[in-house]
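A.B. asks: What would the 3D arrangement of this be:
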Amino acid sequence: TKEETHDDGESVRVYLRVRPATERELAIASPQVIFVDGPSVVVKSDPPRSFTFDGVLGETSTQQEVFESVGRAVGSSCLAGYNGSVYVYGQTGAGKTHTMC
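C.D. replies: Numbers count the residues shown, from 1 in each chain. Okay, the predicted model is just below:
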């Protein structure tokens, strides 16, 4: 995990966590369409599309890795006097609860 540096407290960082396939997706053999490539994800489409983020956590990432990558920096900034929040966004079934619990 790279060490986060504190800036002026006015930055927004965007991280993406790829959730593992659900039991239903595995049962119907849904193809994998998201591939992690460092700080980017590639969406299998025609043509393939790539999106880059401040950080990407793959489907095998643990809660501890998520906390170390995102939560610790936000908590440290709050303790240093800055406002901070973690906003989790996604459609139903995208893995928000999986990420936060």
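A.B. asks: would you say residue 56 is within a strand?
C.D. replies: Yes: looking at residue 56 with DSSP: H, G, I helix; E, B strand; the rest coil, it is inside a strand.
A.B. asks: which residues does it contact?
C.D. replies: Taking CB atoms under 8 Å, 6 or more residues apart in numbering, we find residue 56 in contact with 15, 16, 17, 18, 36, 38, 39, 40, 41. (Each C-beta comes from the backbone N, C-alpha and C, glycine too.)
A.B. asks: at 10 Å instead, please
C.D. replies: 14-18, 34, 36-41, 69 (CB atoms under 10 Å, 6 or more residues apart in numbering).
A.B. asks: These: which two are farthest apart?
C.D. replies: Taking CB to CB, the two most distant members of these are 34 and 69; they sit 17.9 Å apart.
A.B. asks: of the two, who's got more company?
C.D. replies: Using other CB atoms under 10 Å as the criterion, residue 34 and residue 69 rank with residue 69 on top: 20 against 15.
A.B. asks: ok, back up a step: so can I have JSON lines of the contacts of residue 56 showing distance to residue 78?
C.D. replies: Conversion of the contacts of residue 56 to JSON lines gives the following (distance: CB to CB, whole Å):
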{"residue": "14", "distance to residue 78": "19"}
{"residue": "15", "distance to residue 78": "17"}
{"residue": "16", "distance to residue 78": "23"}
{"residue": "17", "distance to residue 78": "21"}
{"residue": "18", "distance to residue 78": "27"}
{"residue": "34", "distance to residue 78": "31"}
{"residue": "36", "distance to residue 78": "29"}
{"residue": "37", "distance to residue 78": "32"}
{"residue": "38", "distance to residue 78": "28"}
{"residue": "39", "distance to residue 78": "24"}
{"residue": "40", "distance to residue 78": "29"}
{"residue": "41", "distance to residue 78": "28"}
{"residue": "69", "distance to residue 78": "16"}
